[in-house]
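Q: Quick check, what structure comes out for this input:
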Amino acid sequence: MCPTLYMLAASPPCRAVLITAHAIGLTLDKKEVYFFRDEHLTPEYQKLNPQRTIPTLVDDDGFAIWDSHAIMAYLVSKYAKDDSLYPKDLKKRAIINQRLFFESSAAFFHMN
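A: This next block holds a predicted model:
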């Protein structure tokens, strides 16, 4: 069984998760969430993600996590064959986190 990604194909954060999964050779079960149909507001989806955002990942053991950066770090930490994308070395990992957090706070903010 593989992790399930609740996503919207047009969403850049969702695509980032898909690219990460592809980079580590992980197959995801993709479930499209249609915002215009308010599918993210259903009680079932809210149980998975109380913030009702996308993407949301549910691992094969039922563990649910949301936010693309958190999902990518989780997938690489759990499923990657090595730590080249998300190093175990604290200083190297800090540089990766710095880039991730810059994208989510500064770069994405200016695009809106």
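Q: ranges for the helices of the protein?
A: Assigned by DSSP state H, the helices in the chain fall at 12-23, 43-48, 68-79, 90-102, 108-111.
Q: Compare those and give me the one nearest residue 55.
A: The closest of these to residue 55 is helix 12-23. By CB to CB, the value is 4.5 Å. Where you see a C-beta, it was placed from the backbone N, CA and C, and this is true even at glycine.
Q: what angle separates that closest one from helix 68-79?
A: 10 degrees (axes from the mean of the first three to the mean of the last three CA atoms, to 10 degrees).
Q: Now tell me what touches helix 12-23 from outside.
A: Residues outside helix 12-23 that contact it (CB atoms under 8 Å, 6 or more residues apart in numbering): 5, 7-9, 27-28, 30, 54-55, 57, 67-68, 71-72, 75-76, 85.
Q: In strands, which of these fall?
A: Judged by DSSP state E, the subset of the contacts of helix 12-23 located in strands is 5, 7, 30, 57.
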